[in-house]
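1. Provided below are the primary sequence and the corresponding predicted coordinates.
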Amino acid sequence: MIEHTVHTGSLLIAEPFMQESTFRRAVILITDHTREEGTVGFILNKPLKINISELVEDFPDFEGVAYYGGPVSTNTIHYIHNVGHLLEGSTEVSNGVFWGGDFEKLKFLIKQKLIKEENIRFYIGYSGWSAGQLDEEMEATTWIISHMHPNYIFKSRPSKLWKQVLHHKGNVFSVLSQLPEHQSLN
């Protein structure tokens, strides 16, 4: 089944021929989408070479790397996790996938080893679209929409995620997933 509308919890997959480097081969989880206000999401498959505890003063010792969430507000840190039952203020964006929550409680839970690396991902900046902007990009077939599965964030290897999500969509998308990143290699 081909999905045509974006909603909170959708995945946006960059079409294979996208040239814009920020979103090339990106898989974005939409965490907030309204036609009136716009859209917020996070690139799931672009890890940075920095540990989150190096970025936040007084953060507990934690091995989780930060990810590049997108080009908007790159001076902010966001988090997606699977422990919404532990973290007040979290917003469930997809089945078993939560966004945000009480940051001081988060630090406490990490210090107590109740939240581990496999439970959370941190993002520097986010991807955002003003009202109607993403609809225009969808009409231009810039993005492919897919369903979210928690394993895509918490278990999949970021370097393989773009191919994995397209392959799981099946049909023509499985074929597209096999295209080399650099078309000159085709």
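-> Perfect, I can see it now.

2. break down this protein into its strands, ranges please.
-> Ranges of strands within the chain are 11-14, 27-34, 38-43, 47-51, 65-68, 72-81, 91-94, 97-99, 120-129, 143-146, based on DSSP state E.

3. reformat these as CSV; add mean pLDDT, mean neighbour count and distance to Lys169.
-> For the C-beta atoms, the positions are set from N, CA and C on the backbone; glycine is no exception. Conversion of the strands of the chain to CSV gives the following (pLDDT from 0 to 100; neighbours: other Cβ atoms under 10 Å; distance: least, Cβ to Cβ, whole Å):
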stretch, mean pLDDT, mean neighbour count, distance to Lys169
strand 11-14, 94, 24, 8
strand 27-34, 95, 22, 12
strand 38-43, 96, 25, 18
strand 47-51, 94, 13, 23
strand 65-68, 95, 20, 23
strand 72-81, 96, 16, 21
strand 91-94, 96, 18, 16
strand 97-99, 97, 22, 18
strand 120-129, 97, 22, 20
strand 143-146, 92, 19, 6
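
4. with distance to Lys160 as added columns, please give those strands in a markdown table.
-> Listed next are those as a markdown table, based on distance: least, Cβ to Cβ, whole Å:
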| stretch | distance to Lys160 |
| --- | --- |
| strand 11-14 | 13 |
| strand 27-34 | 10 |
| strand 38-43 | 15 |
| strand 47-51 | 12 |
| strand 65-68 | 15 |
| strand 72-81 | 18 |
| strand 91-94 | 20 |
| strand 97-99 | 19 |
| strand 120-129 | 16 |
| strand 143-146 | 15 |
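
5. quick one: closest of the ones you listed to Leu166.
-> Evaluated with Cβ to Cβ, these place strand 11-14 nearest to Leu166, the distance being 6.2 Å.

6. got the contact list for the closest one?
-> 6, 23-30, 41, 44, 142-148, 152, 162, 165-166 (Cβ atoms under 8 Å, 6 or more residues apart in numbering).

7. CA atoms of the lengthiest helix in the chain as CSV?
-> The single longest helix within the chain, with elements called by DSSP state H, is helix 158-169. Taking Å, rounded to 0.1, in the frame of the first residue of the first chain, the C-alpha atoms of helix 158-169 are listed here in CSV:
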residue,chain,number,x,y,z
PRO,A,158,22.0,4.2,10.5
SER,A,159,24.2,3.6,7.4
LYS,A,160,21.7,0.9,6.2
LEU,A,161,18.4,2.6,7.2
TRP,A,162,17.5,4.3,3.9
LYS,A,163,17.9,1.0,2.0
GLN,A,164,16.1,-0.9,4.7
VAL,A,165,13.0,1.3,4.9
LEU,A,166,12.6,1.3,1.1
HIS,A,167,13.1,-2.4,0.9
HIS,A,168,10.4,-3.0,3.5
LYS,A,169,8.0,-0.9,1.4
